[in-house]
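Engineer: got a structure for you, letters missing:
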């Protein structure tokens, strides 16, 4: 069974940092890309970052470039999202995602709240 377990959210002041984790199981971690999405209250879900577990290539949304860093530990089947210089507009529920054999899988989400 494919499972994605997101964790690491919390309350932080603007300018602070958090590190999110996405622990994956039930599939060959090295063969698929893992992405982070977020959904702020009243807004559509948006892509934040993505990493290829096979070659380590990364993607970042313009809104987080230079502040967020995605990485993976293939030995632990875990993807991390290091978030620095957080802004109030980063407040959202963050989800990790994988597309496996044409089907999307989502973690349960972890709430990040950035206070001013």
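Structural biologist: Cool, the structure landed. Note that the coordinates shown come from a computational prediction; the quantities given were computed from them, not determined experimentally.
Engineer: can you name the farthest residue from the center of the protein?
Structural biologist: residue 116 (22.4 Å; Cα atoms, centre = their mean).
Engineer: Just list the residues touching it, thanks.
Structural biologist: 13-14, 88 (Cβ atoms under 8 Å, 6 or more residues apart in numbering). Just so you know, the C-beta spots here come from the backbone N, C-alpha and C atoms, and that holds for glycine as well.
Engineer: and the helix or strand bottoming out on mean pLDDT in the chain, which strands flank it?
Structural biologist: Least confident helix or strand, the chain: strand 103-106 with a mean of 92, by mean pLDDT, DSSP states H and E. Partners of strand 103-106 in the sheet, by DSSP bridges, are strand 92-100 (antiparallel).
Engineer: tell me which element residue 37 falls in.
Structural biologist: Assigned by DSSP states H and E, residue 37 belongs to strand 33-39.
Engineer: How far away from the center of its chain is that strand?
Structural biologist: Offset of strand 33-39 from its chain centre (Cα atoms, centre = their mean, to the nearest Å): 5 Å.
Engineer: Check which helices and strands it sits against.
Structural biologist: Packing partners of strand 33-39 (3 or more Cβ pairs under 8 Å, 6 or more residues apart in numbering; DSSP states H and E): strand 18-25, strand 46-52, strand 78-83, strand 92-100.
Engineer: repeat that with 10 Å
Structural biologist: For strand 33-39, the packing partners by 3 or more Cβ pairs under 10 Å, 6 or more residues apart in numbering; DSSP states H and E come out as strand 18-25, strand 46-52, strand 58-60, strand 68-73, strand 78-83, strand 92-100, strand 103-106.
Engineer: And the contacts of residue 116, which is closest to residue 35?
Structural biologist: residue 88 (23.2 Å; Cβ to Cβ).
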